[in-house]
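S.K.: quick one, structure for this:
(2 chains)
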Amino acid sequence: MKNNLTIYNTLSRKKEKFEPINPPFVGMYVCGPTVYGDAHLGHARPAITFDLLFRYLKYLGYKVRYVRNITDVGHLVNDADEGEDKIAKKAKLEQVEPMEIVQKYANSYHRNMAQLNTLSPSIEPHASGHIIEQAEMVKQILKNGYAYEVNGSVYFDIEKYNKKYNYGKLSGRKLEDLTANTRELAGQSEKKNPFDFALWKKAEPEHIMRWPSEWSDGFPGWHLECSVMSTKYLGEKFDIHGGGLDLQFPHHECEIAQSKAATGEDAVKYWMHNNLITIEGQKMSKSLGNFITLDEMFSGENDLLEQAYSPMVVRFFILQAHYRSTLDFSNKALQASEKGLQRLFKGMETLDKIKPSKESSINFKDIKDKSFNALNDDLNTPILIAHLFDGIKIINQLYSGDETINDTDLTDLKNFYKLIVFDILGLKNENKGQKTDNKFEEVVNLLLNIRLEAKKNKDFETSDKIRDELNKLGIVVKDKKDGFEWEIQ
RNA sequence: GGUCGCGUGGCCGAGUGGCUUAGGCAACGGUCUGCAAAACCGUGUACAGCGGUUCGAAUCCGCUCGCGACCUCCA
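M.R.: Numbering: from 1, shown residues only, chains lettered A, B, ... in the order given. Got it, this is the predicted structure:
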């Protein structure tokens, strides 16, 4: 299996050639959502970034197993309500079962991800379905001496771990700095060191999500599920682990420590982190409350939104920035993406109308090569898209007859655009296949044919009236050389 | 406070030593049109500031200013 793909590895802080541990198989684990609220724009970014990678790796011929978890056990909210997890909290608020919350938001997450045209992961494990496995890993870490039990809770012993291994290598932190900077949180006296983290936490009486274990009735620590489920489904060593940049520390750092402490192996070869979406320069996040849910994006129902943005516009917007850069949300930027996406699809429609000639006056190889080079360069989709637009210019020249293309090249060109735009970038033309009612279409066509006649008779008063009135109803009329086109806005 | 990152033309957003006019949107001009719209073609403006290294820096180094991320749940 040959490829020229390089990806940026957070571990080395460099772009590295992508070489799977066990080709042609590739194991990829991505941190999924905690299902306690509607998915927002921020959730779309890793989903789309790693969907792109999933699609591209498959195109390259790899057999990819893509695992993305659903966190439904809940994490500690903070020390003020220690012992209460965020899912249980929401459940009490709404007077429903915790698993009902999980089901509800998992469903809406899946719906949103389908709207964004992301492929389903190969496996989507729930943390709650892997309590036994998590307890097993706790035992293993205890047995290896990197954890200690206090009052029914089990904590990871970072100081001890750091004597043999390197805690902080992913995020570039040093234990001394952590010691100096970790806040002294109340109720943490159980821990040897404030930076130790829970592997198993004893549940307080009011805590409704709990499972029996040899230490206590409780629940697993919040870093554990990813170590456990990635190991279970991808093995002790696997290729790619992805997630949002905000998970780098402490979540992924702790994952590394847990896996190493349990198995003695470095589980992950390539760590990948997508950057965050900002709004007015600030991170969009649940905790800051400045987020826009995906449902709101698609419906326009949020005060920050001037209009609705379709799922493909959101996807294209995200792909127009490199995944390791922050991306600032604004209506202007989204509107620019909307127009750009229209131009891209319009170009592809034009491509279908081109008639082949005997000879080709153009050479598309350059654009093709550059496109794949961009993709291979750590998934540089903004560059890739720029090349696609360069190609659109050529397509228009072919259509106008300023350039020519032969049959073979034309087929090749069409296949290239379909491959990149539909299969790899995962975009789809939403206007296509949006069938309106046949009778309705006939009626509009009838009106426009009357208008055409009026125009022929130079009765512009009537023709303009029909155009303007249709416009008021949201039907945009576009005159063509011999006839018309129309669309519903 | 500690660690890390960023600051590109009206906006978004690539590029990281010498030609990339990156690209998109907007703006302006044109073609088309009865007029429009749409579409297409064409055009301009940039690298936060100061200093240094270099034949040459948006790109490397230093300082200053501004912004952000992580250190607490987060995609």
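
S.K.: run a quick neighbour tally on the closest residue to RNA strand B within chain A.
M.R.: Closest to RNA strand B within chain A is A:G244: 2.0 Å, counting by CB to the nearest atom of the strand. For every residue, glycine as well, the C-beta is placed using N, CA and C. A:G244 is flanked by 21 other residues according to other CB atoms under 10 Å.

S.K.: check A:E301 too.
M.R.: For A:E301, using other CB under 10 Å, the count is 12.

S.K.: quick one, what contacts it?
M.R.: A:D295, A:A308 (CB atoms under 8 Å, 6 or more residues apart in numbering).

S.K.: name the SS class of it, please.
M.R.: Secondary structure state of A:E301, per DSSP: H, G, I helix; E, B strand; the rest coil, is coil.

S.K.: likewise for A:L341?
M.R.: A:L341 ends up helix, using three-state DSSP.

S.K.: list the contacts of the residue nearest to it when sequence neighbours are not counted.
M.R.: Ranked by CB to CB, 6 or more residues apart in numbering and with sequence neighbours excluded, the top spatial neighbour of A:L341 is A:F316, at 4.5 Å. Residues counted as contacts of A:F316 (CB under 8 Å, 6+ apart) are A:S337, A:G340, A:L341, A:L344, A:L427.

S.K.: of those residues, closest to A:L410?
M.R.: Of all the contacts of A:F316, A:L344 has the smallest distance to A:L410: 18.4 Å, by CB to CB.

S.K.: my guess is the closest one meets A:D390, correct?
M.R.: No - in this structure, A:L344 is not within contact of A:D390 by CB atoms under 8 Å, at 11.6 Å.

S.K.: in terms of neighbours, single out the busier of the two.
M.R.: A:L344 (21 against 14).

S.K.: where does that one land in three-state SS?
M.R.: helix.

S.K.: hang on, the earlier thing: looking at it, the residue of chain A closest to RNA strand B is touching A:M272, isn't it?
M.R.: No - A:G244 is not in contact with A:M272 according to CB under 8 Å; the separation is 10.4 Å.

S.K.: near RNA strand B at all, stretch A:203-223?
M.R.: Yes - counting by CB under 7 Å from any atom of the strand, RNA strand B has neighbours in stretch A:203-223: A:W222.

S.K.: straight-line length of that stretch, end to end?
M.R.: Terminal residues of stretch A:203-223 lie 17 Å apart, using CA to CA, to the nearest Å.

S.K.: in it, what's buried?
M.R.: A:203, A:207-211, A:213, A:215-216, A:218-223 (16 or more other CB atoms under 10 Å).

S.K.: what's the farthest-apart pair in these?
M.R.: Going by CB to CB, the pair spanning these furthest: A:I208 and A:H223, at 21.8 Å.

S.K.: and the contacts of the helix or strand A:F219 falls within?
M.R.: Per DSSP states H and E, A:F219 falls inside strand A:218-220. For strand A:218-220, the surrounding residues in contact (CB under 8 Å, 6+ apart) are A:73-74, A:85, A:127, A:131, A:134-135, A:138, A:152-153, A:199-203, A:207, A:209-211.

S.K.: then stretch A:43-50?
M.R.: Contacts of stretch A:43-50 (CB under 8 Å, 6+ apart): A:28, A:30-31, A:33, A:66, A:68, A:109, A:112-113, A:116, A:118, A:242-244, A:272, A:274-277, A:294, A:314-315, A:318-319, A:323, A:327, A:379, A:426.

S.K.: in strands, which of the residues you listed appear?
M.R.: The members of the contacts of stretch A:43-50 that map onto strands under DSSP state E are A:M28, A:V30, A:Y66, A:R68, A:G242, A:G243, A:G244, A:M272, A:N274, A:I277, A:L327.

S.K.: pLDDT score assigned to A:S189?
M.R.: A:S189 is assigned 68 on the pLDDT scale.

S.K.: repeat that for A:L410.
M.R.: For A:L410, pLDDT reads 95.

S.K.: tell me how far the nearest residue to it once chain neighbours are set aside lies from A:D407.
M.R.: Ranked by CB to CB, 6+ apart and with sequence neighbours excluded, the top spatial neighbour of A:L410 is A:P356, at 4.7 Å. Distance, A:P356 to A:D407, using CB to CB, to the nearest Å: 4 Å.

S.K.: those two: who's more crowded?
M.R.: A:P356 (15 against 12).

S.K.: roughly how far apart are that one and A:Y399?
M.R.: 12 Å.

S.K.: for A:K260, grab phi and psi.
M.R.: Backbone torsions for A:K260, taken as degrees, to the nearest 10, come to phi -60, psi -40.

S.K.: verify the contact between A:G242 and A:M28 for me.
M.R.: Yes - at 6.9 Å, A:G242 counts as touching A:M28 under the criterion of CB under 8 Å.

S.K.: between the two, what contacts are shared?
M.R.: Counting by CB under 8 Å, 6+ apart, the residues touching both A:G242 and A:M28 are A:F50, A:L53.

S.K.: what sits against A:Q258?
M.R.: A:M137, A:I141, A:F156, A:L199, A:H223, A:L224, A:S227.

S.K.: among those, which are in strands?
M.R.: Those of the contacts of A:Q258 lying in strands (DSSP E): A:F156, A:L199.

S.K.: closest one of the contacts of A:Q258 to A:S361?
M.R.: Nearest member of these to A:S361, counting by CB to CB, is A:S227, at 57.7 Å.

S.K.: distance of the spatially closest residue to the closest one that is not a sequence neighbour from A:Y167?
M.R.: Counting by CB to CB, 6+ apart, A:S227 lies nearest to A:Q258, which is 4.3 Å off, once chain neighbours are set aside. Between A:Q258 and A:Y167 the computed distance is 11 Å (CB to CB).

S.K.: can you check A:F197 too?
M.R.: A:F197 is 11 Å from A:Y167, by CB to CB.

S.K.: what sits in contact with each of those two?
M.R.: A:I158.

S.K.: what about the closest residue to A:L175 other than its chain neighbours, how many neighbours?
M.R.: Nearest-residue entry for A:L175: A:N162, 5.0 Å, with adjacent residues in sequence omitted and distances by CB to CB, 6+ apart. By other CB under 10 Å, 16 other residues sit near A:N162.

S.K.: check which helix or strand covers A:N162.
M.R.: With DSSP H and E as criterion, A:N162 is part of helix A:158-164.

S.K.: you'd agree A:K201 is up against A:G221?
M.R.: Yes - if you go by CB under 8 Å, A:K201 and A:G221 touch, sitting 6.1 Å apart.

S.K.: please, which helix or strand holds A:Q335?
M.R.: Per DSSP H and E: helix A:331-353 holds A:Q335.

S.K.: ok, that helix near RNA strand B or not?
M.R.: Yes - using CB under 7 Å from any atom of the strand, a contact is recorded between helix A:331-353 and RNA strand B, made by A:K332, A:A333, A:Q335, A:A336, A:S337, A:K339, A:G340, A:Q342, A:R343, A:K346, A:G347.

S.K.: need the pLDDT of the last one.
M.R.: This points to A:G347. The model's pLDDT for A:G347 equals 94.

S.K.: list the contacts of it.
M.R.: With CB under 8 Å, 6+ apart, A:G347 has these contacts: A:G391, A:I392, A:I395, A:N396.

S.K.: tell me the average confidence for stretch A:27-42?
M.R.: 94.

S.K.: can you get me the start-to-end distance on it?
M.R.: 24 Å.

S.K.: distance from that stretch to the middle of the chain?
M.R.: The chain centroid and the centroid of stretch A:27-42 are separated by 8 Å under CA atoms, centre = their mean, to the nearest Å.
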